[in-house]
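[1] starting from these lines, generate the structure:
(one chain, ligands or ions: 1)
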Amino acid sequence: MASLSDSVKLPCGLVFPNRLVKAAMAEMLAGFQNIPTPSLINVYDQWAKGDWGAVLTGNVQVDVNHLGNPFDVALSGEYTDAETNKDLFEKYRKYAEVSQAHGTPTIAQLCHPGRQSPRPAGRRGVFASTIAPSPLPLDMGDGFVQRWLGWFAFPPPREMTQADIDTVTRQFVDAARLMADAGFSGIELHGAHGYLIDQFLNPKSNVRTDAYGGSAANRAKFVLDILQQTRAVVPSHFCIGIKFNSADHTSSSFEDTMTQIGLLADAGIDFIEISGGSYEDPKMFTAGQQQPQPEKSARTAAREAFFLEFAAAVRTRYPSLILMLTGGFRSRAGAHYALSQNACDLVGIGRPAAIDPHFSKLLLDDSIEESEAQLKLNKIPLPFWAKMIPLAAIGAGAESTYYTGQIQRIAKGLKTIVPL
Ligand SMILES: Cc1cc2nc3c(=O)[nH]c(=O)nc-3n(C[C@H](O)[C@H](O)[C@H](O)COP(=O)(O)O)c2cc1C
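    Numbering: from 1, shown residues only. Just a heads-up that it's a prediction; the model follows:
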């Protein structure tokens with residue numbers, strides 16, 4: 001069985017020195033200018049010292065007009081080259097340099113939120129619509145309150161034209177070029193959690209009848225074009241991965257999802273990170289909260305990963321694909337179990353890394369007892385008023401707000417606080 005401390009070599013040749021990867025977490029530290037700030041770089045200085053196999057950055061939005069939150073790192077305007085865009089290049093160069101100062105490959109996650117861009121997030125203006133493959137608003141629930149809150153928070157999207165698709169494709173490719181020039185080891189396309197790439201992949205949000213809609217392959221065209229055009233302009237050793245949503249075995253979309261993964265594999269993707277959920281159904285944060293608690297039995301303790309079954313199914317179909325599995329890992333036992341099941345090559349760790357930026361050291365150090373090599377994190381409680389609002393996204397918002405707060409404490413050199 002593979003060990004957590006084994007290195008992993010990706011098809012592009014990049015080597016991760018071990019199997020523990022700090023997952024992408026939006027830091028909300030880019031200020032109103034949406035640039036890598038000294039505070040942001042302070043946090044990456046800490047993660048860089050954590051002995052991770054790789055560090056994934058929080059999402060970098062490819063268009064400052066469409067953000068996930070007002071303080072996302074984002075590109076404003078076109079990136080031509082390092083000479084022409086000297087200031088911009090210099091900021092990202094510093095970001096890449098600090099993140100990799102101790103030899104940990106750092107991968108910049110690139111994202112476009114599409115219809116999941118809240119009204120105040122992005123320079124497009126609060127009354128402007130978002131963009132999406134089809135003009136379908138987010139479905140936050142059937143009740144009046146859910147529908148009204150959904151509309152209030154997320155403007156209804158307009159259907160992207162071919163020109164919009166070409167522009168966004170170019171924005172992804174330009175952002176990838178900037179990351180390569182700046183010295184990052186690679187990029188990860190955010191194709192999960194209901195963001196734009198996922199909106200194209202998913203038949204619930206993509207009802208187009210042109211070359212980008214219909215069959216599973218057509219729905220993957222948007223991301224495959226981005227992948228192919230990026231490959232053509234970055235060095236061959238530059239890694240390109242994707243974060244991808246799982247599908248239930250029993251769901252009608254299972255075979256479509258497998259087809260799309262096969263297409264990404266054929267197109268030369270370096271790794272696929274398996275996650276799940278969206279703003280409509282935020283399983284990425286809460287999937288484990290329906291599961292039995294870890295102390296119930298050693299077996300349930302070991303099965304802490306949220307999307308293990310799906311990852312194992314992908315492994316069976318595509319044995320040579322490098323798989324990363326993210327969501328729910330809190331212990332060495334849990335990480336070992338996923339490797340022992342051959343469900344993944346890489347273990348993605350989010351929230352524990354926001355509490356302890358050196359969490360991987362705890363799992364890798366065999367002199368530390370198994371029972372100590374873990375971090376228990378309770379669900380973040382909701383304030384009483386929030387409990388009155390019947391919206392699943394509220395709980396996810398509480399989780400992400402809490403851990404963003406911890407990341408910001410790391411930036412200030414403060415001790416983080418384990419949720420009680
Ligand atoms: C504060 C916070 C911000 C996040 N931001 C991102 C992000 O920018 N991109 C992304 O792919 N996932 C993001 N996630 C989701 C994590 O990468 C991960 O999928 C999720 O937290 C489940 O893993 P965990 O149980 O180890 O935390 C975020 C999670 C948190 C807590």
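
[2] helix or strand for Phe71, which one?
    For Phe71, there is no host helix or strand (DSSP states H and E).

[3] quick check: closest non-adjacent residue to it.
    Met28 (4.3 Å; Cβ to Cβ, 6 or more residues apart in numbering). Glycine gets a C-beta too; all of them are placed from N, C-alpha and C.

[4] which ones are touching that neighbour?
    Counting by Cβ atoms under 8 Å, 6 or more residues apart in numbering, Met28 touches 69, 71-72, 404, 407-408.

[5] not counting its neighbours along the chain, what's nearest Ser320?
    In space, Ser320 is closest to Ala265, 7.9 Å off (Cβ to Cβ, 6+ apart).

[6] is it true that the one you found touches Tyr318?
    Yes: using Cβ atoms under 8 Å, Ala265 makes contact with Tyr318 at a distance of 5.3 Å.

[7] how about Pro157, what does it touch?
    By Cβ under 8 Å, 6+ apart, the residues touching Pro157 are 114-115, 129-132, 134-137.

[8] give me the local confidence score for Thr388.
    For residue 388 the amino acid is Met, not Thr. Met388 is assigned a predicted lDDT (pLDDT) of 71.

[9] do you know how far the residue nearest to Asp45 when sequence neighbours are not counted is from Met25?
    Take Asp45 and drop its neighbours on the chain: the residue closest to it by Cβ to Cβ, 6+ apart is Val98, 5.2 Å away. According to Cβ to Cβ, to the nearest Å, Val98 stands 17 Å off from Met25.

[10] just to revisit the earlier point, so which elements touch the helix or strand hosting the residue nearest to Asp45?
    Val98 is located in helix 86-99, with elements delineated by DSSP H and E. Using 3 or more Cβ pairs under 8 Å, 6 or more residues apart in numbering; DSSP states H and E as the contact test, the elements touching helix 86-99 are helix 38-48, strand 106-111, helix 162-182.

[11] shouldn't Ser236 be in contact with Pro11?
    No: in this structure, Ser236 is not within contact of Pro11 by Cβ under 8 Å, at 10.0 Å.

[12] ok, the two, which is more surrounded?
    Pro11 (16 against 8; other Cβ atoms under 10 Å).

[13] verify the stated contact: that one with Gly268.
    Yes: applying Cβ under 8 Å, one finds Pro11 in contact with Gly268, separated by 6.6 Å.

[14] now do the strands in the protein.
    Counting by DSSP state E, the chain has these strands, from start to end: 8-9, 15-16, 20-22, 54-56, 60-61, 73-74, 106-111, 130-132, 157-159, 186-191, 239-245, 271-275, 323-326, 346-349.

[15] enumerate the residues of this structure near the ligand.
    By the rule Cβ under 6 Å from any ligand atom, the part of the chain lying against the ligand is 23-26, 58-59, 109, 190, 193, 243, 275, 284-285, 326-329, 349-351, 399-400, 403-404.

[16] got a quick ChimeraX command for the buried subset of those residues?
    Buried members of those can be picked out in ChimeraX with the line below, counting by 16 or more other Cβ atoms under 10 Å:
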select :23,24,25,26,58,59,109,190,193,243,275,284,285,326,327,328,329,349,350,351,399,400,403,404
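
[17] out of the residues of the chain next to the ligand, which sit inside helices?
    Using DSSP state H, the members of those that fall within helices are 284-285, 351, 399-400, 403-404.

[18] what is the neighbour count of the nearest residue to Leu321 once chain neighbours are set aside?
    Of all residues not flanking Leu321 in the chain, Ala265 sits nearest, at 5.1 Å (Cβ to Cβ, 6+ apart). Neighbourhood size, Ala265 [other Cβ under 10 Å]: 17.
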